[in-house]
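Novice: predicted model, plus sequence, below.
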Amino acid sequence: TGVQTCALPIYCAKFSPDGTRIISSSGDNTARLWTIDGKECKVLTIRENAEFSVSLVNQAVFSPDGKYILLAANDYRNKNHRARLWDLDGNELITFSGHDDWINSVGFSADGKHIITSSRDKIVRVFALSGALEKELKGHSSNVWSASYKPDNQTIVTVGDDHTIRTWSIGKRFETYEKAKNVSFAGFSPNGLNIIVVQDSTAQSWNLTGDVVATFAGHHANILTSRFSPDGSMVLTACKDGTACLWKADGTLVNAYNEHKATANDAIFTCDGTYVITISDDSTAIIHNLETNATIVIRGKYGITAVC
């Protein structure tokens, strides 16, 4: 087990597509690139007009080809909420603006040609990689927690604080899952044929008509996130009870990770499915090697709230 130290709060951590790097984001105007063994190699610092802003970088994600990093930076003092595109050398390339409130999530389409953002302003925005606004998806009556693309690059799933999950095709809503009460997270399977849905202490896999395909039950508190493995054969759940669980896609429990001392906020696979990273309010991110069971622990000063 290796232990690395990060002196600042970490809000998000994400593997690069090739699994060799990790991007983390923080409340100190920065996102940081790390090697897989936890060594810092680059700092991306948010600046406004050559001056430091006071931005909380709550989301960070690699582009599908691993060449770019997209950040969600929220500066409440100046009411400045933007997504920002960077290269791996630490150069800021483009900003994506327009939201009137906190940006909750940012992401790329599967082909890397589009940017998607969701916000507390109830709107999901789709941008071209050039920065041009392409679509606004309106329909949620409250905060939109997350928005993500299906692998076909044409379909988007959104989760709102209005207790609905909505799917959209080229900007038009074509399905609303009204039975999605207390939903906190949703995302597509790699083949786009299923949606993973989190409701209270249970996660479920649904088909596209909303029928339950599998149920992932056993946590003793609310699940915060759930994700498919890259090949769709496994599922991860992260829970307020401090555990992250690994499941077969049919709902069979494979392993429970109990190392965290507080809420497990998120858990995600690397693109090749060989590693899992979990993060927690106990100020740690733990990287698990699924083949050898070896772990690396990254410690922050405060709680770590998201892996994206």
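Specialist: It's in.
Novice: quick check: end-to-end length of stretch 56-68?
Specialist: 20 Å (CA to CA, to the nearest Å).
Novice: for stretch 96-104, same thing?
Specialist: 14 Å.
Novice: need the next SSE after the helix or strand of the chain with the lowest mean pLDDT, C-terminal direction.
Specialist: Here the helix or strand of the chain ranked lowest by mean pLDDT, DSSP states H and E is strand 2-5, holding a mean of 44. Downstream of strand 2-5, the next assigned helix or strand under DSSP states H and E is strand 10-15.
Novice: show me what that next one is packed up against.
Specialist: strand 21-26, strand 56-62, strand 275-280 (3 or more CB pairs under 8 Å, 6 or more residues apart in numbering; DSSP states H and E). Yep, even glycine has a C-beta here, placed from its N, CA and C like the rest.
Novice: each with direction, which strands does the first one pair with?
Specialist: The pairing partners recorded for strand 21-26 under DSSP bridges are strand 10-15 (antiparallel), strand 30-35 (antiparallel).
Novice: V235 is nearest to which of those?
Specialist: Ranking the strands paired with strand 21-26 by proximity to V235 (CB to CB) places strand 10-15 first, at 17.2 Å.
Novice: the inter-axis angle of the closest one versus strand 56-62?
Specialist: Strand 10-15 runs at 0 degrees relative to strand 56-62, counting by axes from the mean of the first three to the mean of the last three CA atoms, to 10 degrees.
Novice: give me the angle between strand 10-15 and strand 275-280.
Specialist: If you take the same axes, to 10 degrees, strand 10-15 sits at 170 degrees to strand 275-280.
Novice: low-confidence stretches in this structure?
Specialist: 1-10, 48-54, 76, 170-181, 300-308 (pLDDT under 70).
Novice: please enumerate the helices of it.
Specialist: Counting by DSSP state H, the chain forms no helices at all.
Novice: show the contacting residues for N191.
Specialist: P151, G232 (CB atoms under 8 Å, 6 or more residues apart in numbering).
Novice: for it, give its distance to R120.
Specialist: 31 Å (CB to CB, to the nearest Å).
Novice: ok, now Q154?
Specialist: For Q154, the distance to R120 - CB to CB - is 26 Å.
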